[in-house]
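In: Please find the sequence and the predicted model below.
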Amino acid sequence: MAENPAGRFAEVQARIAEAAESAGRDPADITTIVVTKFHPASLVRELAGAGVEHVGENRHQEAQAKHAELVDVPLTWHFVGQLQSNKAKAVAQYCSVIHSLDRPSLTKALAQSERALDVFLEINLTDVPGRGGVEPAELASLAEGVLNTPNLSLRGVMAVAPVGEDPGVAFDRVLNYRDDVLRLAPGATDLSLGMSGDFVEAISRGATHLRIGSAITGKRPDPTYP
Ligand SMILES: *Cc1c(COP(=O)(O)O)cnc(C)c1O
């Protein structure tokens with residue numbers, strides 16, 4: 001494994017291309033979002049210099065501060081973490097894609113921002129409610145609400161494979177659940193699936209957006225906040 005983030009980004013891109021080829025897919029149809037949570041703005045700048053175009057964050061305060069340091073860098077910012085409704089409008093100021101829309105109150109809060117946003121509906125694949133993600137049974141009504149919100153563009157669904165479940169099996173469940181979305185929105189075909197440990201399985205299931213952190217950034221520094 002390369003010793004710096006730029007080298008690891010290149011290695012991961014090569015592994016993505018290989019996995020895409022094995023799956024009979026065009027690597028150009030796959031967007032790699034580098035999840036830079038806990039890492040400083042300097043690392044994000046270094047990654048942008050190495051060709052990274054998409055970054056992901058999961059905490060508003062941290063992301064907002066980093067974005068402010070990097071306004072001169074051409075990057076698309078993605079929000080991938082649990083999002084409180086009272087932070088939604090602020091997040092929409094610097095993120096153009098929200099991967100974690102999981103409840104109607106958040107749809108309403110994002111509507112308030114009036115900025116055009118691409119959104120993914122996050123599906124909870126665990127048995128634990130409140131983990132983040134909508135229950136599969138509520139996916140269709142959540143999609144309907146988004147489709148009725150003019151500033152939100154529904155791209156598809158997002159999920160995190162639960163610890164302890166074979167990621168391929170978990171991603172197959174996502175493909176089943178999202179039929180409920182495709183019935184209402186046939187164009188919402190994007191799939192935000194796959195992290196450092198399971199992006200190969202995600203690519204074979206059709207992932208269009210990979211959210212990769214540690215395989216590129218290296219080990220995350222310990223969080224210094226509660
Ligand atoms: C942290 C995080 C990732 C990246 O995880 P790695 O295992 O470091 O690749 C992806 N998605 C979400 C929602 C995350 O919070």
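Out: Yep, it's here. Computed from a predicted model, the values in this text were never measured in an experiment.

In: interface residues of this structure facing the ligand?
Out: Among all residues of the chain, those adjacent to the ligand (criterion: Cβ under 6 Å from any ligand atom) are 35, 37, 58, 80-81, 160, 195-197, 211-215. (Each C-beta comes from the backbone N, C-alpha and C, glycine too.)

In: Let me have the residues you listed in TSV, adding distance to Gly49, secondary structure and neighbour count as columns.
Out: Rendered in TSV, the data for the residues of the chain next to the ligand read as follows (distance: Cβ to Cβ, whole Å; DSSP: H, G, I helix; E, B strand; the rest coil; neighbours: other Cβ atoms under 10 Å):
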residue	distance to Gly49	secondary structure	neighbour count
Val35	18	strand	25
Lys37	20	coil	18
Asn58	23	coil	21
Val80	22	coil	28
Gly81	25	coil	18
Val160	29	coil	24
Met195	24	coil	18
Ser196	21	coil	15
Gly197	26	coil	12
Arg211	21	strand	25
Ile212	18	strand	24
Gly213	19	coil	21
Ser214	20	helix	15
Ala215	19	helix	19
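
In: nearest residue to the residue in the chain that the ligand sits nearest to other than its sequence neighbours?
Out: For the chain, the residue closest to the ligand is Gly213, as judged by Cβ to the nearest ligand atom, at 2.6 Å. Counting by Cβ to Cβ, 6 or more residues apart in numbering, the nearest residue to Gly213 once its immediate chain neighbours are dropped is Val35, at 3.7 Å.

In: who does the one you found bridge with?
Out: According to DSSP bridges, the residues that bridge with Val35 are Gly56.

In: how about the CA coordinates for stretch 50-64, as PDB?
Out: C-alpha atoms of stretch 50-64 as PDB (Å, rounded to 0.1, in the frame of the first residue of the first chain):
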ATOM      1  CA  ALA A  50      -3.900  14.400  -6.800                       C
ATOM      2  CA  GLY A  51      -7.100  14.500  -8.800                       C
ATOM      3  CA  VAL A  52      -9.800  14.000  -6.200                       C
ATOM      4  CA  GLU A  53     -13.000  15.800  -7.200                       C
ATOM      5  CA  HIS A  54     -15.600  14.600  -4.700                       C
ATOM      6  CA  VAL A  55     -15.200  14.700  -0.900                       C
ATOM      7  CA  GLY A  56     -17.600  13.400   1.800                       C
ATOM      8  CA  GLU A  57     -18.100  14.600   5.400                       C
ATOM      9  CA  ASN A  58     -20.500  13.400   8.200                       C
ATOM     10  CA  ARG A  59     -20.400  16.200  10.800                       C
ATOM     11  CA  HIS A  60     -21.700  19.700   9.900                       C
ATOM     12  CA  GLN A  61     -19.400  21.800  12.100                       C
ATOM     13  CA  GLU A  62     -16.300  20.000  11.000                       C
ATOM     14  CA  ALA A  63     -17.300  20.000   7.300                       C
ATOM     15  CA  GLN A  64     -18.300  23.700   7.400                       C
END
